[in-house]
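> sequence first, predicted model second:
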There are 2 protein chains.
Amino acid sequence: MNTLQTVEEIKQIKDGNILMPQGFKAAGVHAGLRYSKKDVGIIFTENPASAAAVYTQNLVQAAPINVTKDSMAVSGKLQGIVVNSACANACTGEQGMKDAYEMRKLAARKFGLKDHAFAVASTGVIGEYMEMEKVKKGIEALKPENTRQAAEDFEAAILTTDIVTKSCGYETVIDGKIVKMGGAAKGSGMIHPNMATMLGFITTDAAIEPVDLHLALSAITNDTFNQITVDGDCSTNDMVLVLANGEADNEPLTPTHSEWSVFLELLKQTSENLAKQIAKDGEGATKLIEVNVHGMQLKEDAQMMAKTIVGSNLVKTAAFGADANWGRIIAAMGRSGVKFQPDQATIMFCDIVVLNDGEPIRFSEEKAKAYLENESIIIHVYLKEGKETGTAWGCDLTYDYVKINGSYRS
Amino acid sequence: MNTLQTVEEIKQIKDGNILMPQGFKAAGVHAGLRYSKKDVGIIFTENPASAAAVYTQNLVQAAPINVTKDSMAVSGKLQGIVVNSACANACTGEQGMKDAYEMRKLAARKFGLKDHAFAVASTGVIGEYMEMEKVKKGIEALKPENTRQAAEDFEAAILTTDIVTKSCGYETVIDGKIVKMGGAAKGSGMIHPNMATMLGFITTDAAIEPVDLHLALSAITNDTFNQITVDGDCSTNDMVLVLANGEADNEPLTPTHSEWSVFLELLKQTSENLAKQIAKDGEGATKLIEVNVHGMQLKEDAQMMAKTIVGSNLVKTAAFGADANWGRIIAAMGRSGVKFQPDQATIMFCDIVVLNDGEPIRFSEEKAKAYLENESIIIHVYLKEGKETGTAWGCDLTYDYVKINGSYRS
């Protein structure tokens, strides 16, 4: 993909959201699963949408993940997704599966559709059963609309301990048609107490077959959602789902379509945007950390090293303390499993060089500290193994992380 | 090794230390590398000792590690080790290597020995050069003796942010001779600021050739030192060194010696004891966590799963908060890379069952909380894949961890 060429063709829309693409509706209500906040949400499209999803790599997978896979297997198309927060419906045995199927049925029936028209996602406490009476009433109360408020209600209904809602929107032109894409997400990390889940929902009116949408999602996931880490704990419920309902009326996108790369870039930018919002709103976080590893032979190695650095508790606490502790960075590099020549390593905080070709550099601690007090920090590592770059995003480790996760479930 | 048979033959000695075995002397002094605390130490044996060491797996290795490897390569024998704290002498380029060689020479010359009679270990800040004038004066000031005070001085000289010194001693009978073993260690974790290192030093008067000592150390390291984690950050300076000077006068120990297993158990108990002391004194820690995974087909899998659980930030914060958050445990199990049947998993906090064959169990939160408020917590995971057990040790993640690691280097 020629990034330089395609980036200009993609426009970010201020306050964009999942309802920007044509033909989508959404809603979110308070069903009583959470004390007072919204906890049941829905996305719906009249035109069946090609669907593609990626799931948690955790061996332990929650019931809704299995039910969503079941829905997708029928035709690769969906007309919507129903989501609840507060309860992850994970490690809930057979009752959990029954509840997730029931939730899907309730959503589908609401629109007179077959069960498999809907996907299901849950996020919340692991090991507790769903309060199905409340879920049922919540689904009944949902009134999907295409308004800014409806999008915001959905965004709110999928949160757990997230502090802010997360959304974005982009548009581009494919086959002379305007193609839009919107996204909503909830916080990563396994959150208070036993909370599970990163959820990402992306809508687009692009025309594309399920198999190609899956191809596109697979192509960009490793560069985006898979490159964020809050605390290294991957959950039982992680899911990113893309719905493409075709209303933009472009020629169906395939890898041989002349603008395939434009669509990939559209999907990548939407995903990266959501991924960074998730990292920045990590539990207790005060800042976003971006790590770029340059000069590796394999991109996978550069990405693994970047993720190891940004996931290191010591790098994270140093970021919190605005301390230019580059020794922690090179130590993380050394245990990343990636081979490199330490005596050729250069490390920079933004443009401040602290290690140059393996030799410590005298730098202004004051200037470095001032830089590290920003809300977004960029760390660059340069090696001389090759030409590939890998990027990862994370957040600092703070007193509030310990507070959030160390406090009792009540 | 028949553990049941051999355990009874090994006696732990109250307040045991590295000078309990015959023929060892030690010292520790304040050389000015640290503000007021002891910072240069030495262990010495007149009789050359068979030596065996294991080192950090980090690709980035500090200068003293290379110098120690160089010493060991000559004959496999050592007469001592010189150690400093405050400066790790890591990522210090050629100057760092020169300084580490100089430090070795200064120690060896003190006893009229060839350079390679000594090993070198350093722990402290990464990326700063050694203050060699101070080191030189420190080494000159060392007066090795065989007294309790001398052992304590050494134990103190190797600390960085450790709160307590760490030592132990055991004895057994081999070939009718009393064989003693003692150990000293310093804290694990990569500590404030950029501090590096777990250091373990074990002395014994057992007679054993270097090659067999190496075999023994390799056999027990994976069950002991390699099964502790404080924050997942492995340092550039980690080293465990065993010195066996043969003064117990037993028949040299080899794998075919009838009491080989007794020696292995002696070494294992000494190592496990030090490892647990290190875990318990992890940065900011208030409690020791032990995780036992039972019923795996491969021991390595059981160990990896145990270490993943005990290393999870979420399990660690839950332990800090005395919260029986078993969902975090099963989520860590699921991402450990080890295959198992989640619906056959049982989880217990000591004797309190919280998950039974994959089904959540109603348990007394009060009783669980009371148990989790202990200074030592034991978590058991039972699976039905096989008969192997793996154990790992760690500590809780607290406000103080963030404080220690988030504060500025000054």
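Great, that's in hand. Numbering: from 1, shown residues only, chains lettered A, B, ... in the order given.
> quickly list the domain ranges of chain A.
Chain A breaks down into these domains under automatic domain parsing: A:3-277, A:288-406.
> any bit of the shortest one sitting next to chain B?
Yes. Legend: contact between domain A:288-406 and chain B by CB under 8 Å from any CB of the partner chain is shown at A:312-314, A:317-318, A:320-323, A:325-328, A:330-335, A:338-340, A:342-343, A:355, A:358-360, A:369, A:397-399, A:401-403, A:405-406. C-betas here are computed from N, CA, C, even on glycine.
> and residue A:406, what does it touch?
B:317, B:318, B:320, B:321, B:323, B:397, B:398 (CB atoms under 8 Å, 6 or more residues apart in numbering or on different chains).
> may I see the residues you listed organised as CSV, with pLDDT, secondary structure and neighbour count added?
CSV is the format used below for the contacts of residue A:406 (pLDDT from 0 to 100; DSSP: H, G, I helix; E, B strand; the rest coil; neighbours: other CB atoms under 10 Å in any protein chain shown):
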residue, pLDDT, secondary structure, neighbour count
B:317, 90, helix, 27
B:318, 90, helix, 29
B:320, 93, helix, 26
B:321, 91, coil, 25
B:323, 91, coil, 23
B:397, 89, coil, 32
B:398, 88, coil, 23
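> give the next helix or strand downstream of the strand or helix carrying residue A:213.
Element membership for residue A:213 (DSSP states H and E) is helix A:210-221. Counting by DSSP H and E, the element after helix A:210-221 in chain order, helix or strand, is strand A:239-244.
> just want the angle from the helix holding residue A:213 to strand A:239-244.
Between helix A:210-221 and strand A:239-244, the angle comes out at 130 degrees (axes from the mean of the first three to the mean of the last three CA atoms, to 10 degrees).
> so which residue of chain A lies furthest out from the middle?
Ranked by distance from the centre of chain A (CA atoms, centre = their mean), the top residue is residue A:362, with 38.4 Å.
> return the set of buried residues in stretch A:373-390.
By neighbour count on 16 or more other CB atoms under 10 Å in any protein chain shown, the buried set for stretch A:373-390 is A:377, A:378, A:379, A:380, A:381, A:382, A:383, A:385, A:388, A:389, A:390.
> actually stretch A:151-166, not the one I typed
A:151-162, A:165-166.
> since we're on residue A:167, how many residues are nearby?
Residue A:167 has 23 neighbouring residues, counting by other CB atoms under 10 Å in any protein chain shown.
> CSV please, covering the domains of chain A and showing distance to residue B:23.
Shown next, in CSV, are the domains of chain A (distance: least, CB to CB, whole Å):
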stretch, distance to residue B:23
domain A:3-277, 46
domain A:288-406, 37
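> in chain A, which spans are helices?
Taking DSSP state H to define them, one finds helices in chain A at A:3-7, A:63-75, A:93-110, A:132-141, A:148-157, A:210-221, A:260-280, A:299-311, A:313-320, A:326-334, A:365-372, A:399-406.
> closest residue of the stretch 251-400 of chain A to chain B?
Distances between the stretch 251-400 of chain A and chain B by CB to the nearest CB are smallest at residue A:327, namely 2.9 Å.
> got the end-to-end distance for stretch A:277-290?
12 Å (CA to CA, to the nearest Å).
> what about it, average pLDDT?
Across stretch A:277-290, pLDDT averages out at 88.
> that stretch: how far from the chain's middle?
How far stretch A:277-290 lies from its chain's middle: 12 Å, per CA atoms, centre = their mean, to the nearest Å.
> now do stretch A:159-173
The answer for stretch A:159-173 is 9 Å, by CA atoms, centre = their mean.
> can you check stretch A:349-367 too?
With CA atoms, centre = their mean, you get 33 Å for stretch A:349-367.
> pLDDT below threshold where in the stretch 151-300 of chain A?
Residue ranges of the stretch 151-300 of chain A with pLDDT under 70: A:188-197, A:231-234.
> 50 instead, please
A:191-195 (pLDDT under 50).
> give the contact list for residue A:158.
By CB under 8 Å, 6+ apart, the neighbours of residue A:158 are A:28, A:41, A:83, A:85, A:121, A:123, A:184, A:185, A:186, A:199, A:201.
> between these, which is nearest residue A:241?
Distance to residue A:241, by CB to CB, is smallest for residue A:201 among the contacts of residue A:158, at 5.5 Å.
> relative to residue A:142, how far out is that closest one?
15 Å (CB to CB, to the nearest Å).
> now swap in residue A:402 and tell me
In terms of CB to CB, residue A:402 sits 37 Å off from residue A:142.
> please apply the same query to residue A:319.
For residue A:319, the distance to residue A:142 equals 40 Å [CB to CB].
> so the two - more neighbours on which side?
residue A:319 (30 against 24).
> thinking again about what came up before, next, give me the two most distant ones among the buried residues of stretch A:151-166.
Checking the buried residues of stretch A:151-166 with CB to CB, the most distant pair is A:151 and A:161, at 21.2 Å.
> now do stretch A:22-40: distance to the chain's middle.
So, by CA atoms, centre = their mean, the centroid of stretch A:22-40 is 19 Å from its chain's centroid.
> end to end on that stretch, go ahead and measure it.
Per CA to CA, stretch A:22-40 runs 23 Å from first to last residue.
> average pLDDT across it?
Here the average pLDDT along stretch A:22-40 is 96.
> spatially nearest residue to residue A:373, not counting backbone neighbours?
Counting by CB to CB, 6 or more residues apart in numbering or on different chains, residue A:322 is the residue found nearest to residue A:373 once chain neighbours are left out, at 4.7 Å.
> where's that neighbour relative to residue B:406, distance?
9 Å.
> distance of residue A:141 from chain B?
From residue A:141 across to chain B, the span is 29 Å (CB to the nearest CB, to the nearest Å).
> tell me the contacts of the spatially closest residue to that residue that is not a sequence neighbour?
The shortest distance from residue A:141 to any non-neighbouring residue, by CB to CB, 6+ apart, is to residue A:29 (4.7 Å). When contacts are counted by CB under 8 Å, 6+ apart, residue A:29 is found next to A:38, A:39, A:40, A:41, A:138, A:141, A:142, A:153, A:157.
> of those residues, closest to chain B?
Using CB to the nearest CB, those come closest to chain B at residue A:39, 18.5 Å.
> the closest one against residue A:82, yeah?
No. In this structure, residue A:39 is not within contact of residue A:82 by CB atoms under 8 Å, at 11.8 Å.
> count the neighbours of the residue nearest to residue A:172 when sequence neighbours are not counted for me.
Leaving out its chain neighbours, the residue that sits closest to residue A:172 by CB to CB, 6+ apart is residue A:10, at 4.7 Å. Neighbour count of residue A:10, defined by other CB under 10 Å: 19.
> how near is residue A:10 to residue A:295?
For residue A:10 relative to residue A:295 (CB to CB), the value is 28 Å.
> what angle do helix A:260-280 and the helix holding residue A:213 make with each other?
Using the same axes, to 10 degrees: helix A:210-221 against helix A:260-280 is 50 degrees.
> between helix A:210-221 and helix A:63-75, how many degrees?
Going by the same axes, to 10 degrees, helix A:210-221 makes 140 degrees with helix A:63-75.
> now helix A:210-221: buried residues?
Buried, per 16+ other CB under 10 Å, within helix A:210-221: A:210, A:212, A:213, A:214, A:215, A:216, A:217, A:220, A:221.
> pick the one among the residues you listed closest to chain B.
Among these, and counting by CB to the nearest CB, the member closest to chain B is residue A:221, at 16.9 Å.
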